[in-house]
Structure formats: C-alpha cells, structure tokens
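Trainee: Quick one: sequence plus predicted model below, questions after.
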Amino acid sequence: MSFTDKINSLHLDILREIGNIGAGNAATALSKLLNKKIDMKVPNVEIVSFDEMMDMAGGSDNIAAGVFLRIEGDAPGSMFFMLPLEQATNFIRDMIGDETVQLAEPPYEELALSALQELGNILSGSYLSALSDFTNLSLYPSVPALAIDMVGAIVSYGLIELSQVSDYAIVINTALNEDEKSISETVKGHFFLLPDPDSFHTLFESLGVKLG
Amino acid sequence: MMIDQAVVIKVGIADMNTVKAPDVIRTSGLGSCVGIVLYDERRSIAGLAHIMLPDSSLSKSGPVNIAKFADTAIPELVNRLGELGASKFSLKAKIAGGAQMFQFSGTSDIMRIGPRNVEAVKKELNALNIKIYGEDVGGNSGRTIEFNPATYELAIRTVNKGTHII
C-alpha cells in the first residue's frame, strides 16, 4: 500500500491551508520586494503521477527558471519556486533596475542569476517561516540552488526522495502572478512544496490530526 | 503527395517503451535520470527506458514500478525487445543523462543521484553483455533525447549547447 492511500480529504484540506499560509506570506514578501501588487491563487493540493507533476510545472521539455531547496528539520522535504523565463526576466529587471537583462539565451549575467537566487531565498524563507510558526515545527531551508533548464530536469530532482516510496507525489501548488499583467494569463510562478513521505505524519500530528 | 508521417513515441519519467522504424522514440527533461536506448540494428527496432533511481533495493514500498530502477528496467526492456523479435545478442546501447542539476554543500548520497544512476546503468549493461556505443552523461544540464531506430542516431538537446548527435 502506498502512503498516498492514507490521505483523506481532511488531510488535503490541511495541506491546502499550509500552502495558503506559506504562499500568502511569500506573496507579501514578493509584493514588498518589487513594490507591486501580486495576485495569488488559492493553492491546490493534488496527488499526481510524476508525469502529471511535470505538466503542472509547465511541461517537461519547456525551459524555466527554478529555485530548489531542501527543507531540513522536523519535517524534511523539497521545495521549488518555478518561474517561466519571461516572468523571471521581469522580476529581475524590476529588482536590479536593468532593462537589458535577458534569460532567453546563455550566457546569463552573474548579477541576474544572483538576483533570481535571492528572490528564491526571500520567498522560500518567508514561506517556510510562516509554515514553521503555524505548525510549531523547526524547519530550516538549505541555501537555495538555481537552475535555468528543462522543467523535467529540475523537478525530477525534487522527486528522488519520494520516488523511493511512491509513484505519486502530493503536491501543494500555489500560483502567483503580477496583478497588472493579466494579458499573459499563462505567465505564472509556481510554488511547489513536496514533503518527504515520512514528513506527512509529522505535519499532520503538529496540527492535531492523525494520519491513517 | 504522400507524406511519411513518422510517429514520435513519448516515454515519461520512470517509464519505458519500444519503437520500430520509421517511428522515433523520445523522452524529455532528463536531469539526474538516465535515458537508456537499446537497439537492434538489423531489425531497426529499439527501446527506451527513463530511469530515476539506481537500484530497486532503494524502494521502501511493496510493488515497484520496474521502469523506475536501472537494475529492473534494463532486463525488462531486453525482454520486451526480445518479444518484438530483436536478438538479445545483437543489442547495442546508447545512454544519456545523469546530470548533477544542483550543487549543494554537504552533498548527501541522494543528491549525488545522477552519477550513481550512470554507474548502475553501466553495471547492468555490462552484466547483460550489452555494449555502449555512445554516451553523453554527467554535467549539469537537462537533456531531451530522441532516438531514430532507422539511423541508430541519438539526438540530444540541452539548453546551453543546442542539439548534437551520438
């Protein structure tokens, strides 16, 4: 029996709330950083196959900017902040005030990459601190690593831990986009939180709910 | 006018499939995963497996997806090609993937998964007496690969270096 079988709708609701609190905090941080209105969608929590997970993140073959970090502490897991290149470029331009920055082709500017990594750092840090406050668990982010590469190559890295236990991932997925740029509706950033299999128990327990 | 429409058979993550010319077979977004192509030149058939982990002993749950592990996927792929009429003794291999996508300090074993996958694939191919005729492994870029069983060419696309053929 796979660990995903033990998850019921109450558990999914809890995970959705976790995503809500974490990403809400991160969206506020992003808004402050860029001095812009940031729109956040209600998180969805889904049990998906690895291939579906790639599609959620923008399609295995497509190129995106991904910030990846490991969560250590009471409830280890992986976290991704995935941005389409277009959106990542916009964010970087806003952050460093240089309109010539591009991510369409390597080589990328050192400063642009550094800004993007810092963006990931701030966002994931605020996500995790909200999560840590909410659950009373100690959660420490690793230094985030940045890659501009195929979605499949980036995301599969976060699935390694999980793939030893299951063929499915429980994904807490929150989409963010800039409020004014509704023209490009498809341009979105995504947060993915992938708790390690053993961490679900800890997460639910911290909120007074039993697993299975 | 007749147009020969070759079908592209797609292989997902932790998945495998087989192909017969003129169709081609593709898997996209290989990071630390490894894509293994086995082909029989005379019969123009090939198989592709996209493995995630080196060894099925890493599996902590009961029934396993055999396409996920190097040590289970490769023998299964050999069997499936055998059923299609390939000779087990004439199979050749080309492999790609096994990148180290992210660099972390204090790298744990699980973070070294790319090189470990490559090692496991080579060990398994060696055990089955299948020779590797082309490889593009390691590095830190994702790869999308496509194999044409009519020409035995494996096209590898990366973000930084465009497409090249092995």
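Mentor: It's in. Numbers count the residues shown, from 1 in each chain, chains lettered A, B, ... in the order given.
Trainee: what about the closest residue to chain A within chain B, which helix or strand?
Mentor: Proximity to chain A, evaluated over chain B using Cβ to the nearest Cβ, is greatest for B:Gly29 at 1.6 Å. From N, CA and C alone the C-beta is placed, and that goes for glycine too. If you go by DSSP states H and E, B:Gly29 is part of strand B:24-30.
Trainee: Identify each buried residue in that strand, please.
Mentor: B:Val24, B:Ile25, B:Arg26, B:Thr27, B:Ser28, B:Gly29, B:Leu30 (16 or more other Cβ atoms under 10 Å in any protein chain shown).
Trainee: Which residues of chain A lie near chain B?
Mentor: Chain A has residues A:1-3, A:50-51, A:54, A:60-61, A:63, A:68, A:70, A:106, A:142-143, A:145, A:147-157, A:159-161, A:163-167, A:197 near chain B, with proximity defined as Cβ under 8 Å from any Cβ of the partner chain.
Trainee: Quick check: the gap between A:Ser114 and A:Leu193.
Mentor: 24 Å (Cβ to Cβ, to the nearest Å).
Trainee: Compare these two (neighbour count), which wins?
Mentor: A:Leu193 (26 against 14; other Cβ atoms under 10 Å in any protein chain shown).
Trainee: Let me see the contact set for that one.
Mentor: Shown in contact with A:Leu193 (Cβ atoms under 8 Å, 6 or more residues apart in numbering or on different chains): A:Ile18, A:Gly19, A:Gly22, A:Gly77, A:Met79, A:Tyr127, A:Val171, A:Ile172.
Trainee: how about the helices of chain A, start to end?
Mentor: A:9-34, A:50-56, A:85-96, A:110-135, A:151-163, A:199-206 (DSSP state H).
Trainee: how many neighbours does the residue nearest to A:Phe91 when sequence neighbours are not counted have?
Mentor: Among residues not flanking A:Phe91 along the chain, A:Leu119 sits closest, at 6.0 Å (Cβ to Cβ, 6 or more residues apart in numbering or on different chains). Neighbours of A:Leu119 under the rule other Cβ under 10 Å: 26.
Trainee: What's the separation between A:Leu119 and A:Lys41?
Mentor: 19 Å.
Trainee: returning to that earlier point: thought the residue nearest to A:Phe91 was touching A:Ala26?
Mentor: No - A:Leu119 is beyond contact range of A:Ala26, at 10.4 Å (criterion: Cβ atoms under 8 Å).
Trainee: Residues of chain B that sit close to chain A?
Mentor: Counting by Cβ under 8 Å from any Cβ, the residues of chain B close to chain A are B:12-15, B:28-33, B:52-53, B:58-62, B:65, B:68, B:99, B:101-105, B:110, B:113, B:140-144, B:159-160.
Trainee: Going through these, which ones are buried?
Mentor: For the residues of chain B next to chain A, buried by 16+ other Cβ under 10 Å: B:12-15, B:28-33, B:52-53, B:58-59, B:65, B:68, B:99, B:101-102, B:104, B:113, B:140-144, B:159.
Trainee: Quick check: which ranges of chain A have low pLDDT?
Mentor: A:1-3, A:178-187, A:212 (pLDDT under 70).
Trainee: Show me the helices in chain B, by range?
Mentor: Under DSSP H, chain B gives helices at B:70-83, B:113-127.
Trainee: Average pLDDT for the shortest one, rounded please.
Mentor: Per-region confidence: helix B:70-83 scores 93 on mean pLDDT.
Trainee: elements contacting it?
Mentor: In this structure, helix B:70-83 packs against strand B:15-20, strand B:34-40, strand B:45-51, helix B:113-127, with contacts taken as 3 or more Cβ pairs under 8 Å, 6 or more residues apart in numbering or on different chains; DSSP states H and E.
Trainee: give the contact list for residue 130.
Mentor: Using chain A here. A:Ala130 touches A:Ile21, A:Gly22, A:Gly24, A:Asn25, A:Ala26, counting by Cβ under 8 Å, 6+ apart.
Trainee: if you could check chain B rather than the one you did, that'd help
Mentor: Contacts of B:Ile130 (Cβ under 8 Å, 6+ apart): B:Leu38, B:Ile74, B:Val78, B:Leu91, B:Lys92, B:Ala93.
Trainee: Tell me which two in those are the farthest apart.
Mentor: B:Ile74 and B:Lys92 (13.1 Å; Cβ to Cβ).
Trainee: who has more neighbours, those two?
Mentor: Taking other Cβ under 10 Å, B:Ile74 and B:Lys92 do not tie; B:Ile74 has more neighbours (26 against 17).
Trainee: isn't the more buried one right next to B:Ile36, touching?
Mentor: Yes - under the criterion of Cβ under 8 Å, B:Ile74 makes contact with B:Ile36 at 6.3 Å.
Trainee: returning to that earlier point: so what sits against both of B:Ile74 and B:Lys92?
Mentor: Residues touching both B:Ile74 and B:Lys92 (Cβ under 8 Å, 6+ apart) are B:Leu38, B:Ile130.
Trainee: if we can go back for a sec, adding neighbour count, write the contacts of A:Ala130 out as JSON lines.
Mentor: JSON lines is the format used below for these (neighbours: other Cβ atoms under 10 Å in any protein chain shown):
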{"residue": "A:Ile21", "neighbour count": "17"}
{"residue": "A:Gly22", "neighbour count": "26"}
{"residue": "A:Gly24", "neighbour count": "16"}
{"residue": "A:Asn25", "neighbour count": "20"}
{"residue": "A:Ala26", "neighbour count": "27"}
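Trainee: Of those, which is the nearest to chain B?
Mentor: A:Ala26 (20.3 Å).
Trainee: So that closest one is in contact with A:Asn121, correct?
Mentor: No - applying Cβ under 8 Å, one finds A:Ala26 not in contact with A:Asn121, separated by 11.1 Å.
Trainee: Understood, closing this out.
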